[in-house]
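Enquirer: Sharing a model prediction with you, sequence too.
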Amino acid sequence: KKRNPGESEFHQAVKEIFESLTPVFAKYPKYMQQNILERMVEPERVISFRVPWVDDNGNVQVNRGFRVQFSSAIGPYKGGLRFHPSVNASIIKFLGFEQIFKNSLTGQPIGGGKGGSDFDPKGKSENEVMRFTQSFMTELYRHIGPDIDVPAGDIGVGGREIGYMFGQYKRLRGGYEAGVLTGKGLQYGGSLTRTEATGFGTVYFVNEMLQDKGLSFEGKTVVVSGSGNVSIYAIDKATQLGAKVVACSDSNGYIYDENGINLATVKQLKEVERKRISEYVLHHPEAKYVEGCSGIWSIPCDIALPCATQNEIDTASAQLLVDNGVKAIGEGANMPSTLEAIEVFLNNGVLFGPAKAANAGGVAVSALEMAQNSARQPWTFEEVDAKLHNIMKNIFKNSKEAAAEFGHEDNLVVGANIAGFLKVADAMIAQGVV
Ligand code: NDP
């Protein structure tokens, strides 16, 4: 905390990892002797830069850009870019730190990184978004590359923004390098299933947790927070597996539809028209809209999938979910539950799929996009989906086995942290003190 004052989200992410690793250090003193943890929490490189741009009224605006290149121990830095007004060094460092372990868990050769800007895409015109992203890439391009650092999307960065950034990167480099960004459009090097990957992957992971206990999605009531990229495809896959998703949200409020959310309406409102979720009730008058997002956790459900943002479930919301009989939680978002909320779930026997395991499907398919780009060979939707499914099964299996090996049966928080850590730590030791 002394070295990184005021970075509360980063401290929270580091604390969770440190607590999980105690049994590893007891069993293998080499990690302590090599000072692995102190090396891991120090990013290899932190880049912060000015992003000037001109708005539609001719006014000059300035935002702050970031790229944190945390660890290249097992592959090129890999992680998304977030455009949201709350972005600061602490948020990007927490996300980048988590990304190291998540990427390791996927079994793919990718290191950890994250970036973004405090730019708020809400209410901006197409041209403003383009001018901003081009300015952002005008600095970022010198720090990234297909074998160095490969950014992707995150909150506020979807296919449109990736497209503008790819165009600007190409112009600055003077040539086409497909593998520099993932989440690209299908016409110019993107992978089928990438858009769906994080949401699908989260549901595949939760399905493994349920099946392990003889349960399934069939007939279950599900609540999903958010209505962005991750949420939409979590709703899609959960519905495909026979569940009824009754609620979703955005940063203004949530909708409740006891008949089950109509996904086509949500997709039209959010992906096409970029409208607020409140408009859902104009199309489905039987549904209810409630202002404010945390109330969504008061809806009784069997399975909750927080897919919006960090710390959206606090102790009170966790307790409400438990009191209403929740059986499983799958974290589609990054760190959506506070450390105290996680305790509430674990102490009450709720099956808990932590973010770095449950939402790793997105980055896993990004790595598959890189592989397709290198081979110049696109794969079918079914091929990528099958690989994603298999990766999520393996993450569950490896996390469960690591938890059991170190005396924390069924605690996937500890299991995922340990399984992710060991590979990176061993790679660091093999590469010497660098
Ligand atoms: P999107 O921007 O597509 O969607 C984010 C959703 O969450 C929107 O509905 C947004 O509402 C809502 N939201 C954002 N900030 C807040 C807030 N402060 N309070 C309440 N709701 C909020 O982002 P993604 O779906 O890509 O990302 C969602 C989460 O999943 C993030 O934690 C991200 O890091 C994580 N994730 C994403 C991956 C990906 O592949 N995209 C991969 C792994 C993790 P509004 O429209 O009102 O802003």
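Expert: That came in fine, so what should we check first?
Enquirer: Mind splitting the chain into its structural domains?
Expert: 8-180, 195-353 (automatic domain parsing).
Enquirer: Please identify the residues of the stretch 301-434 of the chain in proximity to the ligand?
Expert: 307-309, 332-334, 359, 362 (CB under 6 Å from any ligand atom). Yep, even glycine has a C-beta here, placed from its N, CA and C like the rest.
Enquirer: Out of these, which sit inside helices?
Expert: By the criterion of DSSP state H, membership of these in helices covers Gly362.
Enquirer: May I see the residues of the stretch 301-434 of the chain next to the ligand arranged in JSON lines, with pLDDT as well?
Expert: Shown next, in JSON lines, are these (pLDDT from 0 to 100):
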{"residue": "Cys307", "pLDDT": "98"}
{"residue": "Ala308", "pLDDT": "98"}
{"residue": "Thr309", "pLDDT": "96"}
{"residue": "Gly332", "pLDDT": "98"}
{"residue": "Ala333", "pLDDT": "98"}
{"residue": "Asn334", "pLDDT": "96"}
{"residue": "Asn359", "pLDDT": "98"}
{"residue": "Gly362", "pLDDT": "98"}
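Enquirer: Can you add neighbour count and give the residues of the stretch 301-434 of the chain next to the ligand back as CSV?
Expert: Shown next, in CSV, are those (neighbours: other CB atoms under 10 Å):
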residue, neighbour count
Cys307, 30
Ala308, 24
Thr309, 20
Gly332, 31
Ala333, 26
Asn334, 25
Asn359, 29
Gly362, 29
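Enquirer: ok, Ala152 touching Lys184?
Expert: No. In this structure Ala152 lies outside contact range of Lys184 using CB atoms under 8 Å: 9.3 Å.
Enquirer: okay, and the common contacts of these two?
Expert: Here Ala152 and Lys184 have Ile162 as joint contacts, going by CB atoms under 8 Å, 6 or more residues apart in numbering.
Enquirer: where along the stretch 1-150 of the chain do the helices fall?
Expert: For the stretch 1-150 of the chain, applying DSSP state H, counting those that start in this stretch gives helices covering 8-27, 30-33, 36-40, 89-105, 126-140.
Enquirer: With respect to burial, which of those scores highest?
Expert: Ranked by mean neighbour count under mean count of other CB atoms under 10 Å, these are led by helix 89-105, which reaches a mean of 26.
Enquirer: quick one: that one to chain centroid distance?
Expert: Put simply, helix 89-105 sits 10 Å off its chain's centre (CA atoms, centre = their mean, to the nearest Å).
Enquirer: what's the angle from that helix to helix 8-27?
Expert: 40 degrees (axes from the mean of the first three to the mean of the last three CA atoms, to 10 degrees).
Enquirer: related to what we said a few turns ago, for the ligand, which of the helices of the stretch 1-150 of the chain is the nearest?
Expert: helix 89-105 (6.4 Å; CB to the nearest ligand atom).
Enquirer: wait, doesn't Gly253 sit right on Ser294?
Expert: No. Using CB under 8 Å as the test, Gly253 is too far from Ser294 to be in contact (10.1 Å).
Enquirer: can you give me the strands in the protein?
Expert: 45-54, 60-71, 77-83, 112-117, 149-152, 221-224, 244-249, 253-256, 288-291, 303-305, 328-330, 351-353 (DSSP state E).
Enquirer: need the ones you listed in TSV with mean pLDDT and mean neighbour count, can you?
Expert: TSV is the format used below for the strands of the chain (pLDDT from 0 to 100; neighbours: other CB atoms under 10 Å):
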stretch	mean pLDDT	mean neighbour count
strand 45-54	98	15
strand 60-71	98	20
strand 77-83	98	28
strand 112-117	98	30
strand 149-152	98	25
strand 221-224	98	26
strand 244-249	98	24
strand 253-256	98	22
strand 288-291	98	14
strand 303-305	98	30
strand 328-330	98	27
strand 351-353	98	24
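Enquirer: I appreciate the help and will end here.
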